[in-house]
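Colleague: task: produce atomic coordinates for the following.
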Amino acid sequence: MAQKPKAWLSWSSGKDSAWALHIMRQRGDFEIAALLTTVNQKYQRVAMHAVRESVLELQAVAAGVPLVKIPIPSPCPNAIYERAMADAMARARSEGITHVVFGDLFLEDIRKYREENLAKCGMTPAFPLWLKNTRELANEMIASGLRAYLTCVDPKKLDCSFAGRSFDKQLLADLPAHVDPCGENGEFHTYVVAGPMFASPIDVSVGEIVERDGFVFADVVPALAALR
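Modeller: Numbering: from 1, shown residues only. As a prediction, the model looks like this:
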C-alpha cells in the first residue's frame, strides 16, 4: 500500500482548524503529523486568539498530535513572520512533510497569500473547508458535539459582551445579521474544548475578560487553576 503524504495542520486553537483536522481524518488523504501554531513570545499566547500556551498544549494532547510552535515577537513585522514560517517549512520538508492544511473558509486574499508563500518554500496547501456555507458549517460543528468559547472579539464588528460566550446554537441565534456565523471576517475567534477531533473534553474555565489593543479578550484557564 502506498504511503500517505504527510501534512502539518495550521492550528489556531479555534473551531475552524479543529474542524479541518476532523475532516482530514475522515477523508484519510494525509497523515497529519503535527499541529503548527504561531505563539507570541512576549505574552506566551497563541497569536490573535490570545490563548495561553498551557491550554494550547492541552488541545494537542486531546487531539493526539504533536505540536510545533513558531515563536514570533509582538508586534510582528510581516518580514519576520514570513522568515519564521520559512524556517518552519524547511524543518517540515526535512521531516518528509509535503503539505500544510488550513481551515480557511472564503477569504480569497488570505488563501492567495498562503499559496504564494508556501510555493516559495516548496510546500503545497490544502483547504478542506473552502467555500463551505458558514451557517451550515457552524450548525454542523455544534451538532457534532464541538464545544468552544469565544476568546477574542473585535468590538468594531461585534458587541464586547460576546467575549467568553460558548459557541452554541444560542450564540448563532444572537449574532447580528452582519456577523459571519463562523467569524470568518475577524468578528471573533474561539478556543475549542471538545469535539470529534479530541479523545476527551478539555476541562477549562473562562477567566478574566480584558480590552487590549482594540480587541476584547476572554482568558481561558485550566479548571484547576481557576479554583486556586
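Colleague: list the helices and strands the longest helix belonging to the chain packs on?
Modeller: In the chain, taking DSSP state H as the definition, the longest helix is helix 78-94. Here helix 78-94 touches strand 31-40, strand 67-72, helix 108-120, going by 3 or more C-beta pairs under 8 Å, 6 or more residues apart in numbering; DSSP states H and E. Every C-beta, even on glycine, is put in place using the N, C-alpha and C of the backbone.
Colleague: switch to 10 Å and redo it
Modeller: Helix 78-94 is packed against strand 6-10, strand 31-40, strand 67-72, strand 97-101, helix 108-120, with contacts defined by 3 or more C-beta pairs under 10 Å, 6 or more residues apart in numbering; DSSP states H and E.
Colleague: which other residues reach that helix?
Modeller: 6-8, 10, 33-34, 36, 38, 47, 68-73, 76-77, 97-100, 113-114, 117-118, 120-123 (C-beta atoms under 10 Å, 6 or more residues apart in numbering).
Colleague: filter these down to the buried ones.
Modeller: 6-8, 10, 33-34, 36, 38, 47, 68-69, 72, 76, 97, 99-100, 114, 117-118, 121, 123 (16 or more other C-beta atoms under 10 Å).
Colleague: so residue 23 is in which element?
Modeller: helix 15-27 (DSSP states H and E).
Colleague: quick one: list the elements packing against that helix.
Modeller: Counting by 3+ C-beta pairs under 10 Å, 6+ apart, helix 15-27 packs on strand 6-10, strand 31-40, helix 53-63, strand 97-101, strand 124-126, helix 134-143, strand 147-153, strand 188-194.
Colleague: ok, 7 Å please
Modeller: Packing contacts for helix 15-27, counted by 3 or more C-beta pairs under 7 Å, 6 or more residues apart in numbering; DSSP states H and E, involve strand 6-10, strand 188-194.
Colleague: need those in TSV (columns: mean pLDDT).
Modeller: TSV is the format used below for those (pLDDT from 0 to 100):
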stretch	mean pLDDT
strand 6-10	97
strand 188-194	97
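Colleague: could these be laid out in JSON lines, adding distance to residue 200?
Modeller: What follows is the helices and strands packed on helix 15-27, written out as JSON lines (distance: least, C-beta to C-beta, whole Å):
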{"stretch": "strand 6-10", "distance to residue 200": "20"}
{"stretch": "strand 188-194", "distance to residue 200": "8"}
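Colleague: closest to residue 178 out of these?
Modeller: Of all these, strand 188-194 sits nearest to residue 178, with 12.9 Å by C-beta to C-beta.
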